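Asks: Got a sequence here, can you build the structure:
(one chain, ligands or ions: 1)
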Amino acid sequence: MTNTTKLLFPAPRITTVPTTGDDLFPVRRIFCIGKNYADHIKEMGGALGETQSVFFMKPTDSVICPTAKAPNVAYPPATTDLHYEAEIVLALGSGGRNISEADAMNHVYGVALGCDMTRRDLQFVARDSGAPWDLAKAFDESAVMGSIKPGNDLPADLSFALSVNGEQRQQTTVGKMMLSAPAIIAKLSQFFELKAGDLVYTGTPEGVGPLVRGDEVEITGDGLPSLAFTVA
Ligand code: MN
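Replies: Numbers count the residues shown, from 1 in each chain. Below is the predicted model:
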């Protein structure tokens, strides 16, 4: 009997997201905000006056970074209503607690485009029964990510859009977020000690809709690496 201990099985692979340089961004946690664009709240049947921001999380290993050589994102089991949600994603290079809005963007290493894949049918079941959103939001390959562009510049007129099979379905600008990027970081840091490696999905605008196998999705944004994938 030796005094050494060993791992019972190989340690889980570290999840990484490519950057536009040679570096890989190691992912720690994935925070998401729901109900952050007024027109999306309306299309979901929500009332603006009573709306509170909703925060939820996805598991780190739900990240998938499609490439031209490996473009597939799996259609998940247990749904017949998979939806796309194009979003701006913040990649934190540092963190802290009780971060001020004025300081928040200093913690952003870079910005990417992402797609918050959603089992809309199960989200409505959860909504109507008061249950958590995990089954609707936190499944394998639900956090689709493009490459991260280093830098924390996120102007209000930065436009991003999503198309399915070449037809545009979503388009908005960052300035239409109800909680701005710095406000989201500040708010999250009141509940969690944010750390380097944390990702923040900042919410989706109106125009969400279903995907079927074979659909080709493309998300583009001003000055950001585009994200293209095929539902498989
Ligand atoms: Mn979303």
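Asks: contacts and neighbour counts: CA atoms only from here.
Replies: OK.
Asks: Figure out the helix or strand that Q168 lives in.
Replies: If you go by DSSP states H and E, Q168 is part of strand 167-173.
Asks: Which strands border that strand, and is each parallel or antiparallel?
Replies: strand 159-164 (antiparallel) (DSSP bridges).
Asks: pLDDT (mean, whole number) over the partner strand?
Replies: Taken as a whole, strand 159-164 has an average pLDDT of 98.
Asks: Residues contacting it, please?
Replies: 86, 168-174, 215-222 (Cα atoms under 8 Å, 6 or more residues apart in numbering).
Asks: low pLDDT regions in this protein?
Replies: Residue ranges of the chain with pLDDT under 70: 1-3, 50-51.
Asks: How about the residues of it by the ion?
Replies: Applying Cα under 5 Å from the ion, one finds that the chain approaches the ion through D116, G203.
Asks: residue boundaries of the helices in the chain?
Replies: 38-43, 101-104, 120-129, 134-137, 181-191 (DSSP state H).
Asks: Reformat the ones you listed as JSON lines; add mean neighbour count.
Replies: Formatted as JSON lines, these follow (neighbours: other Cα atoms under 10 Å):
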{"stretch": "helix 38-43", "mean neighbour count": "16"}
{"stretch": "helix 101-104", "mean neighbour count": "15"}
{"stretch": "helix 120-129", "mean neighbour count": "15"}
{"stretch": "helix 134-137", "mean neighbour count": "19"}
{"stretch": "helix 181-191", "mean neighbour count": "20"}
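Asks: okay, which residue is most central for this structure?
Replies: Nearest to the mean C-alpha position of the chain, by Cα atoms, centre = their mean, lies Y201 at 3.4 Å.
Asks: picking that back up, biggest separation within the contacts of strand 159-164, which pair?
Replies: Largest separation among those by Cα to Cα: V174 and D215, giving 25.9 Å.
Asks: between the two, which one's more packed in?
Replies: V174 (20 against 15; other Cα atoms under 10 Å).
Asks: Which one (most neighbours) among the contacts of strand 159-164?
Replies: Among the contacts of strand 159-164, the one with the most neighbours (other Cα under 10 Å) is A86, at 33 neighbours.
Asks: so what's it up against?
Replies: With contact set as Cα under 8 Å, 6+ apart, A86 has these partners: L113, G114, C115, D116, A161, L162, Q170, G203, T204, P205, I219.
Asks: Neighbour-wise, which one of those residues leads?
Replies: Tallying neighbours with other Cα under 10 Å puts G114 at the head of the contacts of A86, with 32 neighbours.
Asks: What residues are bridge-paired with it?
Replies: Using DSSP bridges, the bridge partners assigned to G114 are E87, M145.
Asks: Could you tell me which residues make contact with it?
Replies: G114 touches A86, E87, I88, V89, A143, V144, M145, G146, Y201, I219, L227, counting by Cα under 8 Å, 6+ apart.
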